[in-house]
Every structure is written in C-alpha cells, then in structure tokens.
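K.L.:
Sequence and predicted model, in that order:
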2 protein chains.
Amino acid sequence: MNLDTTDRDTLADLGLASLRWARRLCDPVLRRAVGSIREPLATRAGYHLGWWGVDRSSAVGGSAGKALRGALVLAAATACAGDDSGDAARVAAAVELMHNFTLLHDDVMDGDRTRRGRPTVWSVWGVDDAIVLGDALHAAAIQILTDMRDQSVAMQAIMRLERACVELCVGQSEDCSLGGRMRVTVDDYTRMAAGETASLIGCCCALGALSAHADDAIIAALERFGRELGLAFQFVDDLIGIWGDPRVTGKPVGRDLARRKATLPVVAALNSGSEAAIELAALYAGGAELTQSDIDRAAELVEVAGGRRAAQRFADERLQAAVSALPDAVGSEELVALSQLVRRWQR
Amino acid sequence: MNLDTTDRDTLADLGLASLRWARRLCDPVLRRAVGSIREPLATRAGYHLGWWGVDRSSAVGGSAGKALRGALVLAAATACAGDDSGDAARVAAAVELMHNFTLLHDDVMDGDRTRRGRPTVWSVWGVDDAIVLGDALHAAAIQILTDMRDQSVAMQAIMRLERACVELCVGQSEDCSLGGRMRVTVDDYTRMAAGETASLIGCCCALGALSAHADDAIIAALERFGRELGLAFQFVDDLIGIWGDPRVTGKPVGRDLARRKATLPVVAALNSGSEAAIELAALYAGGAELTQSDIDRAAELVEVAGGRRAAQRFADERLQAAVSALPDAVGSEELVALSQLVRRWQR
C-alpha cells in the first residue's frame, strides 16, 4: 500500500477520531466497573486510568491512555458490520482494563516510577497495593464480559482473553529472562514480543470481530492483523524507548538503555557484528550504573551498528503484513487508519 | 451442636477423606490446565502446587496444599444432590488455582520465604516471576470454568468467582493498611478477614451448590455457611501463626509476631485495656527487629491479655454460625465434617 501525504493525513485523522470514539464509548463502562470496586481500590484505579489525581478532588496531571486496544476492538467490530447491542463497547472496556492490569504489574516489575507523565501506582501507594489493584482490575475486566448481552459470545470472549493473558504472562517471563542473557537473537526477541504485546492486540481484533458475529475465518484473519500490528507496535515502542520525546511519551529519555534492556534496536545492533556492537556489548556487560553520557553513547552505538534502521524496517514489514492480512470482505478503513497511527508514533 | 469424642473422630475421618477425594478429582483438571501453559511457567506452577521440585525431575520436598476450597465445592455439590457431568470437579480445580494465584502474590507481599515447608516461588525465581505466574494462574482458573459443560452455570460461576476475587483484593489492601495503624478494632479486623479469606470460601460453597443446579435460596445459604467458616478458618490460622507447630504448618514459629502483624489474637489483646496490652503495644510500636525472646514475650502477653482465648471463642462462634446456616434440605454431613477439621487444626 502506497499512500501520498494527503492520504496519510486523512488516515491519521480517522485513526485519532477512532481513538477518541473508543475512549468515549469505554468511559461509562469503565466507570461502572471501577465504581463497583470498594475503596480504597476504586480511587487508585481511577488514578491509574487518568480520571483524577491521588485523591478524587485533585487534578489529573499527565494524560490518560490512548485506548488503542479498545479502538481496535471497535474498529474490528465496525469492519465486520458492527453490533448494536453495546457488546463491542463492553469488550473494548474489558480489554482496556486487562491492559491496564498488566501495566500496573509491569511498572512494579520494571521499577518504573512514571507512566503517562505522572507517578506510577506503586510509587504512590507501594508495591503491595499495585499488585493487588492489578489483580482486582483483571477480575473486573472479566466481570464486564460476563455482563454481555450475547452470553455465548461472552464465553468465547472470556476464553480468548484469558488465553491471551496466559500468553502475555509467558512473554513477560521471557522478557525478564532476556535481560540476564548476553546472546539474544532477533528471533528470540520477536518471540517474546509476540507473547508480551502481540497476543493481546491480536485478541482485541479477534474479539471485535467475534462481537459482530463474524465467521471463524474472518475472526482468524483479524487476529493475524492484530498480531502483526502488535509486533509493529512493540518495535515502535522500542524505538521510542531510546529516541522518543519525553514530553510526548511521558517517560524519561533513554530509559530502556539506562536499564540495559534488550529491546529490538539493541538486539539488532548487538547482532550486527560491527565494532560499534562490540563497544555496545561492553557497555551493556558492565555492572555500574550508566551515566547520561554512557546512555547517549549507547544510543549512538545502536544507531551506528544499524539497530535503529533495522528496527524501523522490522516495524514497517510487520505493518505491511498486518494490512495484507485484512480480508477483502471487511470494511477495513478504520483498522488501516489505526495501523498508520502506530507508524506515526515512531517519529 | 454437641458431639462426643467418637463422633468427632468419625467426622474428622470423613473430613480428611473429603480432602483426599478433592485432591484426586482436581488433579487431572489441574494438570491439564497447567500443561497448556508454556514453559517456563508450567514447571514453576507445578512446583508451587507441590508436584515436583524446582525442576520436574527433582523431589517435591514439603507438602502440597490441603485443597480445603476444592473439597468445599465438592461437598456443597454433594449436599445439593450432586452433579455427574464433572462440572463440580472443574469448579473445584478452578477455585484451587484461584486460591494458589493469591498465595503466590501474598508470599511476595508478605515477604514469606517458605510455604508448605519449602521455598516460595519468589524466593526461588524472583519476585517478577512470582507476580507473572500468579497472573497466569488467575487466567488459567477462569479458562477451566469456560470449559464447563453447562455454559449458563459456567458464566454464573465466572461472575461469582471474579466478584470474590475483587472482594479478596480489597481485603488484602485493608490488610496491608492495618499493619501501619495502631488502633485496630476486632470489627476492623473481622471486616478485613471477611474480604481476604471468607469471600473466596463463601464463593466455593455457593459454586458447589450452583454446579448442582440448586436454587437461589440454597446457594445463598451455602454461601453464608462458607463465609462463616472462612472467618473461623482465618481466626484459627491466626492462632496457628503464633502457637502452631512449624513441623505441621510448614511456616516458622511466631512468624506473625515477628512481623508485628495485626492478627486477631493480637488485636483482641491490644483492645483488652490490660497491663499486658500496654507492654504488647510498646513491643509492636518499636522499630527494631524483634528478637526470639521478644517474640516469645509477645506470645505470652497476647495470652495473658486474653487474646488467645478471645480468638478461640470467635472461631468457635463462627463455626457454630456456619453450621447453623446450613439448610435442613441439604445433606450436610461432609460440609460439617470439613468445618470440624478447621476446629481441629488449631490444636
């Protein structure tokens, strides 16, 4: 697919509108779900979701999530001629809660102190409360699905979402173990990302189609689209993790390098066999905390070793593969628009 | 209910047989569920469940769980004239996995290094992997329920189990905050225990009745039985946490006191207004690590202040209330037997 600049801008507008629409549709479902949780967890859940500050009367600060996953559910449902029962909105809200539960636990595991431009839940209320809140949001996500009108679709949605959750956990466990290994190949990394990120995004697209009562072949095709898109999204996120603008990402610059994370640009660079790779490997092998100048040097080495270019290429290939997976029978404009947004985020 | 010694022994035998039966019935369902999870999580799940050592070929060491929750599901199903489809066994296995997911996270939050006489998952593979494994077992528990023959019962079971999970999380969050407060009343403590322990045990009994297609009144009565039993169980667990035999409990003696936990005997003692209470409060208020002689003294003070006796009385009252909640219409012998086991564990 080749698009000129005007097409791209129109698509980006459609993608952004799709995200806004998803946030609007998910909001009442999420507020009802969170509202049914007893305090103090409800307030903390709302804080994490960007509804208010550390107490309900204080200003939000930072931003809410993009709701990419919810938007993919709704776009996939629309692509399959939609559903009018509100079930797609329930599914969209459920996947958003599921994603947010994993973020709460990720922040604990990664020791991240900021997300979306403000302190993470564990850094405000402690690790124990972040673990417990994540567990509660996992349960609340499934509760939303039990509330769907079409109970047979609900059961399949629950089955698929929990399967994706298990896959995501396996991916996270691989991610934890990658950190400790010096020889990680691009294939190792891609397999981890497939579990950790692509499984849930693939599931979102499948669930959207499912809620619109699409047939199995269409559901499978949309899942493939989502999985490819999920890989692209992870690769772009890795690029942002090194070269992203902290004002946009809400995360400190060079954070992944500071933590010696084996992200795709780094893995690709380390596997390049170049002199820059050797210097980068030495920096990554050291035990001492990296200074800002070490981090800047590491970013430079990843670029010189071709890691940035390689990650961009892999991301583009996955985006192409995603769009190619879309069946002709579905109205895929919104899905394509969302996939193009992912491409834009890397800039 | 007044039982003589022979009756008690017969009941205890029935209770123990019921636990064995539950472990036998849950085992194949659990092995299938864990077997569907990719490595390395499957091996770690099996370790936590007491199937093997840190790798599959090494000896178990320590013991497996008692399967009280699974046994309550099956006993409640039997009390309501049972089910032949295997759905009760699926529910029993699901609640066991759910319980085990919460144990994995509890051990992280409490910093407990041993459970069932051997190292906890976090102390073997690290905190991150224990968090992720817990998340995966939560998902796997729900997946088991999606596999039930009666899909309408399955949906209700999922809804109830996730509701209990949210309640449990709220209770855990209250438990975390109790630790930091000096004035905790017995009512505060009971409310926390109702969420943290009684909600899931109540849910088990309700789910057993549900899987046997009992009517709403019976389901509600069995849930009440389970909630009262759950409180008794927590109170007995608190007694064991101070005076239990480590060879039986698999946990270090006086562990709860060493961590200055606000358990029921301690809370009751602190609220007694006695001189022992004042000395105990001073010990609990200090910042330094408690020595073994401090811990021994604390146990003595709890006893002198009447905390032990009070906790035993509360446990007995809850057990009586549990048995009284059982409707005449159900064949409750096995449920009564399991409740009497809880009483025996405190000795």
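P.N.:
Cool, got the structure.

K.L.:
so where's chain A shaky on pLDDT?
P.N.:
Within chain A, the segments meeting pLDDT under 70 span A:1-4, A:83-84, A:179-182, A:249-251, A:346-347.

K.L.:
Nearest the middle, which residue of it would you pick?
P.N.:
A:Thr197 (5.9 Å; CA atoms, centre = their mean).

K.L.:
Test my guess that it contacts A:Ala232.
P.N.:
No. In this structure, A:Thr197 is not within contact of A:Ala232 by CB atoms under 8 Å, at 9.7 Å. Just so you know, the C-beta spots here come from the backbone N, C-alpha and C atoms, and that holds for glycine as well.

K.L.:
I figured A:Leu338 hits A:Ala12, correct?
P.N.:
No. Counting by CB under 8 Å, A:Leu338 sits too far from A:Ala12 to count as a contact (10.0 Å).

K.L.:
which residue ranges form the strands in chain A?
P.N.:
Counting by DSSP state E, one finds strands in chain A at the ranges A:114-115, A:118-119.

K.L.:
residue contacts, the residue of the stretch 201-347 of chain A found nearest chain B?
P.N.:
Per CB to the nearest CB, A:Cys203 is where the stretch 201-347 of chain A lies closest to chain B, at 11.8 Å. Contacts for A:Cys203 were tallied using CB atoms under 8 Å, 6 or more residues apart in numbering or on different chains; they are A:Val95, A:Arg160, A:Leu161, A:Arg163, A:Ala164, A:Glu223, A:Gly226.

K.L.:
What of A:Asp175?
P.N.:
A:Asp175 touches A:Met192, A:Glu196, counting by CB under 8 Å, 6+ apart.

K.L.:
For A:Cys169, see how far away it is.
P.N.:
10 Å (CB to CB, to the nearest Å).

K.L.:
A:Ser339 is in contact with A:Leu319, correct?
P.N.:
Yes. A:Leu319 is in contact with A:Ser339 according to CB under 8 Å; the separation is 5.7 Å.

K.L.:
For the two, indicate the residue with more neighbours.
P.N.:
Taking other CB atoms under 10 Å in any protein chain shown, A:Leu319 and A:Ser339 do not tie; A:Ser339 has more neighbours (27 against 23).

K.L.:
So that one sits against A:Ala322, correct?
P.N.:
Yes. Counting by CB under 8 Å, A:Ser339 touches A:Ala322, with 5.5 Å between them.

K.L.:
joint contacts of these two?
P.N.:
Contacts common to A:Ser339 and A:Ala322, judged by CB under 8 Å, 6+ apart, are A:Leu229, A:Ala232.

K.L.:
just checking, A:Ala329 touches A:Ala217?
P.N.:
No. Using CB under 8 Å, A:Ala329 is not in contact with A:Ala217, being 9.0 Å away.

K.L.:
Which one's more surrounded, the two?
P.N.:
Shown here are A:Ala329 and A:Ala217; by other CB under 10 Å, A:Ala329 has more neighbours (14 against 11).

K.L.:
Name all residues that make contact with the closest residue to that one other than its chain neighbours.
P.N.:
Spatial nearest neighbour of A:Ala329, chain neighbours left out: A:Ile218 (6.7 Å); criterion: CB to CB, 6 or more residues apart in numbering or on different chains. A:Ile218 is in contact with A:Cys80, A:Ala209, A:Pro327, A:Ala329, A:Val330, counting by CB under 8 Å, 6+ apart.

K.L.:
quick one: which of these is most hemmed in?
P.N.:
Top of those by neighbour count (other CB under 10 Å): A:Ala209, with 29 neighbours.

K.L.:
so that one touches A:Arg224, yeah?
P.N.:
No. At 11.3 Å, A:Ala209 and A:Arg224 do not qualify as touching, with contact defined as CB under 8 Å.

K.L.:
how close does A:Arg163 get to B:Ile142?
P.N.:
10 Å.

K.L.:
Run through the residues that contact the residue nearest to the centre of chain A.
P.N.:
Counted by CB under 8 Å, 6+ apart, A:Thr197 has contacts A:Leu168, A:Gly171, A:Gly230, A:Leu231, A:Phe233, A:Gln234, A:Asp237.

K.L.:
do the same with A:Leu137
P.N.:
A:Ala45, A:Leu97, A:Met98, A:Asn100, A:Phe101, A:Leu104.

K.L.:
Excluding chain neighbours, what is closest to the fourth one?
P.N.:
Counting by CB to CB, 6+ apart, the nearest residue to A:Asn100 once its immediate chain neighbours are dropped is A:Leu137, at 5.7 Å.

K.L.:
Could you do the first one as well?
P.N.:
Counting by CB to CB, 6+ apart, the nearest residue to A:Ala45 once its immediate chain neighbours are dropped is A:Val34, at 4.7 Å.

K.L.:
any idea how far chain B is from the one you found?
P.N.:
Shown here: A:Val34 relative to chain B, a distance of 11 Å by CB to the nearest CB, to the nearest Å.

K.L.:
So that residue versus A:Val336, what's the distance?
P.N.:
On the measure of CB to CB, A:Val34 and A:Val336 end up 32 Å apart.

K.L.:
repeat for A:Leu41
P.N.:
From A:Leu41 to A:Val336 the distance is 38 Å (CB to CB).

K.L.:
same check, this time on A:Glu167
P.N.:
For A:Glu167, the distance to A:Val336 (CB to CB) stands at 25 Å.

K.L.:
How about A:Arg38?
P.N.:
42 Å.

K.L.:
With neighbour numbers in mind, choose between the two.
P.N.:
Per other CB under 10 Å, whichever of A:Arg38 and A:Val336 has more neighbours is A:Val336, with 21 against 15.

K.L.:
which residues touch A:His105?
P.N.:
A:His105 is in contact with A:Ala130, A:Ile131, A:Gly134, B:Ile131, B:Val132, B:Asp135, counting by CB under 8 Å, 6+ apart.

K.L.:
how about the residues of the stretch 151-300 of chain A near chain B?
P.N.:
Contact residues, the stretch 151-300 of chain A versus chain B (CB under 8 Å from any CB of the partner chain): A:151-152, A:154-155, A:158-159, A:162-163, A:165-167, A:169-170, A:172-173, A:176-177.

K.L.:
Neighbours of A:Arg23, how many?
P.N.:
19.

K.L.:
Against chain B, how distant is the residue nearest to it when sequence neighbours are not counted?
P.N.:
Spatial nearest neighbour of A:Arg23, excluding adjacent residues (CB to CB, 6+ apart): A:Ala67 at 4.7 Å. A:Ala67 sits 22 Å away from chain B, taking CB to the nearest CB as the criterion.

K.L.:
what's A:Ala67 sitting at in phi/psi?
P.N.:
With angles defined as degrees, to the nearest 10, A:Ala67 sits at phi 70, psi 40.

K.L.:
what residues are up against it?
P.N.:
Here A:Ala67 is in contact with A:Leu19, A:Ala22, A:Arg23, A:Cys26, A:Ala92, A:Glu96 (criterion: CB under 8 Å, 6+ apart).

K.L.:
of all those residues, which comes closest to chain B?
P.N.:
Checking the contacts of A:Ala67 one by one against chain B (CB to the nearest CB), the nearest turns out to be A:Glu96, at 16.5 Å.

K.L.:
you'd agree that closest one is up against A:Cys26?
P.N.:
Yes. Between A:Glu96 and A:Cys26 there is a contact under CB under 8 Å: 5.4 Å.

K.L.:
Now do the shared contacts for those two.
P.N.:
With CB under 8 Å, 6+ apart, A:Glu96 and A:Cys26 have common neighbours A:Ala67, A:Gly70.

K.L.:
ok so, going back, tell me which of A:Arg163 and B:Ile142 has more neighbours.
P.N.:
B:Ile142 (26 against 17).

K.L.:
I'm done for today, thanks for sticking with me.
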